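> kindly return the folded structure for what I paste below:
(chains A and B)
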Amino acid sequence: MAGDILRVGVSGLKAFQRTLGTIGHNISNSNTDGYSRQKVGMLTRPATPSGAGFMGNGVDINSTERMFDQNSINQVRARLSTKEYFSAYNEFASQVDNLIADADAGLTPSIESFFEGVQEVSNDPTSIAARTVMITEAESMVNQFSTLDSWFADLNKAANSRIVNQVGETNEIAISIADLNKEIIVARGLGGNQPPNDLLDKRDLLIDQLAEKVNVSVVETDNGSLDVFIGNGQSLVLGTKPMKLEARPDPDDPKIYEVSYVDPSTNVLSPISTMLNGGDLGGVLKFRDEVLIPARNGLGRIAIAVANTFNTQHRNGLDLNSALGTDFFNEPTLGANESILNAGASLITVTLNDVQSLTTDEYQLLYDGVNYQLRNEKTNQVTTLNVAAAGPPIQFDPVFGLDISLDSVPVAGDKFFIRPTREATRSFSVLTRDPSEIAAANILKTGANISNNLGTGSITEATITDNTNVDLQDTVTITFSRVDALGSPNNADQYTAVGVPSGNTVTAAYTPGGTLSFNGWDVDISGAPIVGDVFTVERNTSGISDNRNALLLAGLQLDNTMINGNATFHDAYAEIVVAVGNRTSQSEISYEAQSALLSQAEGLRDSISGVNLDEEAANLLRFQQAYAAAAQVISAADELFQTLLGAVRR
Amino acid sequence: MRISSSLLAKNGLETMLAQQKKLSDIQLKVSTGNRILAPSDDPYGSARSLDLQETIRANEQYTKNSSQLENRLSLEEGTLIGVGNSLQRVRELMISANNDSQTIETRRLIRSEVEQLLQQVISLSNTADSNGEYIFSGYQGKTKPFDTDGVGNFNYYGDDGQRFLKVGPSTTLAMGDSGETAFLAIKNGNGKFQAVDNPNNTGGGIIDPGTTFGSYVADNYAVKFIPPSTGSTFDPVEYYVLDGANNIIVPAAQAGITEAAFTGGGFAGVAYEDGAVLQGLDALGVKTSISGTPAAGDEYTISPSNNQSMFASIQNFIDTLGMAQQGTADLTEFHNAMNRNIIDMDQSIGSILDVRASIGARLNTVDKQIEVNESFTLQLKTTLSEIQDLDYSEAVTRLNMQLVGLQAAQNAYTKIQGLSLFNYL
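You can find the predicted model right below:
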């Protein structure tokens, strides 16, 4: 009987000791990452039946339970992926955001300074000092373009190395998870199918860490191992076998890195960048697509527009030496390259056709053996190109402001990549170094022969419409005459324009205010010329005080030369600023929202799995007391036994 | 719901960190005075403020351009005032030279003064600005506009170019006027036609420069005097008028009648009346008269005005002063020439006044434009300040609230972390 009591007491002692140990374990690990609180499961021992009913036999420990809820764990993981996605996105985007509208680092102040320099030249076209300032301002503007661009290039490099690092860490985590899977299978075998709690915690922690890098989903198998999937269902861990990702330069676009999945059996790489839409990796990839490349393309497009429109106008002028204006800026080269996988050897050339139609998008040219199709890489919209000249070289009708040509017929399936604006800024530079070569004057001047003319006719300035016309600089004499016999005999109704030396001649009826288009220029003549009145259009030689072309150049600042004639250079830049600002602020708001959601999910998870020290303290007291009571049972059993022995001895 | 101790600590820490981030954000805004630190703070606001900054800078440039324009126009105006004064003096000398009380000797003195004045006008017309740019040579700023060509001819080497400056978003103003406009393109005579006597005239008829009357029909008219068709003396005489094609227009054209009919003596012209308006020409818009005693055979032409430079007008005066002044024919020719010189000089003075009026108008416009630019700039700056400047009272209130919040979070953290059942065991 006393033996029974003793056994019952010992069972309690053992159970409470074990419980106190587990409480200690909980307290010790209360700050361990990923630790789930454990709880000892106690069960009454089978009772001994007797005539007086079942006699209790004490307590048994049947398990050490890990407190967790798979659902809330999954929720934390999903939130973690989303939060890290926005965190990485925002981390990179805010770098662009901070710089792009900065008063010192932004682009607009330097564009403004440059055009102020042009205005100063128009105010005082003979001043070498004003001209020198204009060239210096042009250089500092170009410098600002290239500073911003190289800084975009640096961010691209930073994104690339971030991708390489994250892929490396992902691969290591995959190996660790596979190893833990192995350990868990073994431990379960050893522990008689009892869960190896601490190993499970460790594995969950690793999966959380993985979720910070990419979006993951897990499936538990019967033997206790976990299969981990990423992206669109690519398996990263299958049981005890880890798979691999690889970060490498995109073969279609070698300056940016992409993430590829390595097929375990064939070692074939298949790109999965577009499928990664969570975690740090997803955030960096999305930032690159949504912020970095569009901003850089936008910058490149402005560089192209400034160079192209300024050069076009500059060539319409005469410089201080009365020589025709040359290119003021080096016009950026538009980027295009052939896919390295092409079977054919056809080379692509892309040049600017019309700066107004130029977009910031990037394109793929595909040849299917019959048609040439241009696919917009952002919108996936496909345009079938019209062949303008079958060549070779094959030339296409201009599309999106681009002149595209191929030097030979490609092989069906060949691909070409057209990224016209991305690296355009790199080849943007100032060509004119000599202040006297700034073409501030108009090529032509017009005039009336005042010692001869009797009428009130007047001629406007010549507007140059085609500076490539070979006879542009002809001296043209416009003489008025009369064909109609009726009316006042002296009022002219017709004129003849004769160009020297070309000999080009045109005779036309005179209407006051009408336009004469000749030799690549336009003039308007109005008023009432008398028969015999003469007007001339001639080269503006030594017209060094003429600022007409400088005024037109300065006017480009406020001309809508971009985006289908709807935007100035400045507007185009503001468009980038707004886009970057919006993306950054959205990512920041989302990041904060996701942080809050993550805290909630963590709270929910920890309400089950987390250690509460007060609870442990209370349990500690409870089980200490129970232990003391159980010890008292043993001592009572001993006393009972001693009483019995004393009775027998007497 | 159970709360885990580590979550409690973590949450406390996170709130503090979040409070600190907001605090540093506000601190930065307060210390820079900017509401927008990066475009993400207000994407449209920051684009708008870039826009406004550009417009403000453009306006400031316009104001700069305006003051440059003002300087240049003032220089031009000053020069033209000088030219105008010289011309006025020339005209005074013309009036007195025309006076019959003058002798050859006094006219020679006048001539030397006029020669001085001509040199003065030439040097004024060759005025250059502080950069050495000639202000009256059109586009050819480094070419001396008025100069002799080495073989005695006085030429204009500039052109008709006019430089414009942008003084407002949609206002461009001419920075000057070419020498052609100011000094060369001046109609002689009365601006429509010029009445000239024939140097071979022998009579004492002086033709009035005339005015236009109604609509002027431009043509070369010739007024010719013939002996009277009735009576025996040559005095008074009769006249007839031919048009440019030698058709008789006064007296009224008659079929078959040619000039020979008059010269032959048989056909009656219009009787000459001293100082009366020439008949028949008024219907063609020409109103002029001949006074004095024209002789038969004298001729006058009335032809459309040509452009004549003011230098040529002065030079003509000098040449006139050098003419022979003996006898009726010479003196009549002298007075006729002087009359032409005076009206030509009136045209030159009028032209200078016109140019000055246009400069004045431009100076007015530019003054107004400067005012407009300045008030516009002020407005833009106000708007810009509304968009990008921090509302300090609001920000400081927020800063204080944030500080209180952070302190509360810190307090709460220490209090809560200090609570533990273990403290009582």
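
> low-confidence ranges, the stretch 551-650 of chain A, go.
The model of the stretch 551-650 of chain A has pLDDT under 70 over residues A:650.

> phi and psi next, for the residue of the stretch 201-350 of chain B found nearest chain A.
Residue of the stretch 201-350 of chain B nearest chain A, by C-beta to the nearest C-beta: residue B:307 (4.6 Å). (C-beta placed from N, C-alpha, C; glycine too.) Main-chain torsions, residue B:307, degrees, to the nearest 10: phi -80, psi 140.

> what are the bridge partners for it, then?
Beta-bridge pairing for residue B:307 (DSSP bridges): residue B:187.

> run a quick neighbour tally on it.
18 (other C-beta atoms under 10 Å in any protein chain shown).

> who are the neighbours in contact with it?
Residue B:307 sits next to A:450-451, A:453, B:184-188 when contact means C-beta atoms under 8 Å, 6 or more residues apart in numbering or on different chains.

> likewise for residue A:517?
With C-beta under 8 Å, 6+ apart, residue A:517 has these contacts: residue A:465.

> just checking: what are the partner strands of the strand or helix carrying it?
Residue A:517 belongs to strand A:514-518 when elements are defined using DSSP states H and E. Partner strands and pairing direction for strand A:514-518 (DSSP bridges) are strand A:521-526 (antiparallel).

> output stretch A:621-640 as CSV, nothing but the C-alphas.
The C-alpha coordinates for stretch A:621-640 follow below in CSV (Å, rounded to 0.1, in the frame of the first residue of the first chain):
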residue,chain,number,x,y,z
LEU,A,621,5.2,28.4,-9.1
ARG,A,622,2.4,26.0,-9.9
PHE,A,623,4.7,23.1,-10.7
GLN,A,624,7.1,23.9,-7.9
GLN,A,625,4.2,23.7,-5.5
ALA,A,626,3.0,20.5,-7.1
TYR,A,627,6.5,19.1,-7.0
ALA,A,628,6.7,19.9,-3.3
ALA,A,629,3.3,18.3,-2.7
ALA,A,630,4.4,15.2,-4.6
ALA,A,631,7.5,15.1,-2.4
GLN,A,632,5.1,15.4,0.6
VAL,A,633,3.3,12.3,-0.7
ILE,A,634,6.5,10.4,-0.6
SER,A,635,7.2,11.6,2.8
ALA,A,636,3.7,10.7,3.9
ALA,A,637,4.2,7.2,2.4
ASP,A,638,7.4,7.0,4.4
GLU,A,639,5.7,8.0,7.6
LEU,A,640,2.9,5.5,7.0
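
> how many residues are close by the residue of the stretch 301-425 of chain B with the smallest separation from chain A?
Nearest residue of the stretch 301-425 of chain B to chain A: residue B:421, at 3.7 Å (C-beta to the nearest C-beta). Residues within reach of residue B:421, counting by other C-beta under 10 Å, total 15.

> now for the closest residue to chain A within the stretch 1-150 of chain B, how many residues are close by?
In the stretch 1-150 of chain B, the residue that lies nearest chain A is residue B:4 (2.1 Å; C-beta to the nearest C-beta). Counted with other C-beta under 10 Å, residues neighbouring residue B:4 total 23.

> same check, this time on the one 10 residues further on
Here the number of neighbours of residue B:14 (other C-beta under 10 Å) works out to 15.

> what helix or strand is it on?
helix B:5-32.

> which parts of stretch B:130-148 are buried?
B:133-141, B:143, B:145-146 (16 or more other C-beta atoms under 10 Å in any protein chain shown).

> can I get these in JSON lines with pLDDT?
Shown next, in JSON lines, are these (pLDDT from 0 to 100):
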{"residue": "B:133", "pLDDT": "88"}
{"residue": "B:134", "pLDDT": "91"}
{"residue": "B:135", "pLDDT": "90"}
{"residue": "B:136", "pLDDT": "91"}
{"residue": "B:137", "pLDDT": "89"}
{"residue": "B:138", "pLDDT": "87"}
{"residue": "B:139", "pLDDT": "88"}
{"residue": "B:140", "pLDDT": "87"}
{"residue": "B:141", "pLDDT": "85"}
{"residue": "B:143", "pLDDT": "87"}
{"residue": "B:145", "pLDDT": "90"}
{"residue": "B:146", "pLDDT": "89"}
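
> out of those, who's nearest residue A:408?
residue B:139 (51.3 Å; C-beta to C-beta).

> please pull out the lowest mean pLDDT helix or strand from chain B.
helix B:259-263 (a mean of 71; mean pLDDT, DSSP states H and E).

> next one: the following helix or strand past it to chain centre, how far?
Proceeding N to C from helix B:259-263, the next assigned helix or strand is strand B:270-271, under DSSP H and E. Chain-centre distance of strand B:270-271: 47 Å, with C-alpha atoms, centre = their mean, to the nearest Å.

> okay, now the sheet partners of strand B:270-271, with direction.
strand B:238-242 (antiparallel).

> pull the CA atoms of the strand it pairs with into PDB?
Only the C-alpha atoms of strand B:238-242 are listed here, as PDB (Å, rounded to 0.1, in the frame of the first residue of the first chain):
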ATOM      1  CA  GLU B 238       0.100 129.600-120.700                       C
ATOM      2  CA  TYR B 239       1.000 126.000-119.600                       C
ATOM      3  CA  TYR B 240       0.000 122.500-120.300                       C
ATOM      4  CA  VAL B 241       0.600 119.200-118.500                       C
ATOM      5  CA  LEU B 242       1.800 115.800-119.700                       C
END
